[in-house]
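Peer 1: the sequence isn't on hand, but the structure is:
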């Protein structure tokens, strides 16, 4: 392994003090322009790399930003991260990505690691296993910007960027009702998370506003997986009153449900309509395109980054912003009965 070049090596090469090298590298006006140029040229020749952690400790700024997500292998979170980087990289920031895998302990470890790395702020979507928010106080106590996206906790002084999950779910359920569906089930996920609670409440309100009852046995909680959709449909098909539609809080659950319905010989959308949530890329490129609610993750990431920049550039002023983006329902074949297909074509993506 090659030796790491330090300012002492540059000083020895030029026969000047290490202090003079340090000042020259930091463009100190006390050092002549000729010496500064000579030091910088020598540093480049010797392949000198400054110690970023030492610089961060000295200046209080590392130009690194931590991003914490439950998992990176989903289109939603990878798109959010892309949006964050699109905004921050031109401003000289680098992004350090951490995953919690929905584990509260992993989330705490990630926060500690990012704080030890002297990041200038943390943007995060907290894990499903987070039972309390005490560990988030570590960030707040250091007076670092903390911005939630997608999943948020209600903490005074902390900003967030989300979409209106309630409205997205309401519109998705209303579209099913307008198709003539009379018995609409909801495949929900962990409702201790605000996003899934809001989606459930949007579904519930749409039913009530249209004179329909909320049936408890039509509400099935599952994991956000294909298998979760499969087992949820199996439970619904065992009921005395079988639903004629589902609104799923997840596209992956919706896809698993569709596969199981097809395996049972149930025709979609003729006999059973299906709507998902997130507008994952696969929803529009299947033989049976799936109706879904778009969360606009790229825009969410960009907005979260803009909120961070506003906070970090105005340290003297305490800024709290709670940005709520509007979702959009893309109506496709999975929830459009043949008799209504012509009138819905303009809503397809």
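Peer 2: Received the coordinates, thanks. Because the structure is predicted, anything quoted here is derived from the model rather than measured.
Peer 1: which ones are touching residue 325?
Peer 2: Counting by Cβ atoms under 8 Å, 6 or more residues apart in numbering, residue 325 touches 161-164, 295-296, 299-300, 303. Just so you know, the C-beta spots here come from the backbone N, C-alpha and C atoms, and that holds for glycine as well.
Peer 1: and what of residue 112?
Peer 2: Contacts of residue 112 (Cβ under 8 Å, 6+ apart): residue 138.
Peer 1: wait, a strand at residue 162?
Peer 2: Yes: applying DSSP: H, G, I helix; E, B strand; the rest coil, one finds residue 162 inside a strand.
Peer 1: tell me what it is bridged to.
Peer 2: residue 324 (DSSP bridges).
Peer 1: what's the burial count for it?
Peer 2: 22 (other Cβ atoms under 10 Å).
Peer 1: now swap in the one 3 residues further on and tell me
Peer 2: Burial measure for residue 165: 25 neighbouring residues, criterion other Cβ under 10 Å.
Peer 1: what do you get for the one 5 residues further on?
Peer 2: The local packing of residue 170 (other Cβ under 10 Å) involves 24 other residues.
Peer 1: and for the one 10 residues further on?
Peer 2: Neighbour count for residue 180, taken as other Cβ under 10 Å: 12.
Peer 1: so what's it closest to, chain neighbours aside?
Peer 2: residue 337 (6.6 Å; Cβ to Cβ, 6 or more residues apart in numbering).
Peer 1: contacting residues around the one you found?
Peer 2: 179-180, 269-270, 273.
Peer 1: I'd like those residues as CSV, with distance to residue 226, pLDDT and secondary structure appended.
Peer 2: CSV is the format used below for the contacts of residue 337 (distance: Cβ to Cβ, whole Å; pLDDT from 0 to 100; DSSP: H, G, I helix; E, B strand; the rest coil):
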residue, distance to residue 226, pLDDT, secondary structure
179, 24, 96, coil
180, 28, 96, coil
269, 20, 96, coil
270, 23, 95, coil
273, 19, 98, strand
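Peer 1: tell me where the stretch 1-150 of the chain has helices.
Peer 2: 7-14, 18-25, 33-45, 52-59, 75-88, 104-116, 137-141 (DSSP state H, counting those that start in this stretch).
Peer 1: please identify which of these is closest to residue 204.
Peer 2: helix 75-88 (23.9 Å; Cβ to Cβ).
Peer 1: show me what contacts the residue most central in space within the chain?
Peer 2: Nearest to the mean C-alpha position of the chain, by Cα atoms, centre = their mean, lies residue 77 at 4.3 Å. The neighbourhood of residue 77, defined by Cβ under 8 Å, 6+ apart, consists of 69-71, 125, 297.
Peer 1: same deal with residue 172?
Peer 2: Residue 172 neighbours (Cβ under 8 Å, 6+ apart): 202-203, 247, 275, 277, 291, 293, 329.
Peer 1: part of a strand, is it?
Peer 2: No: assessed with three-state DSSP, residue 172 is helix; it does not lie in a strand.
Peer 1: excluding chain neighbours, give the residue nearest to it in space.
Peer 2: Residue 172 sits nearest to residue 275 (Cβ to Cβ, 6+ apart), 4.8 Å away.
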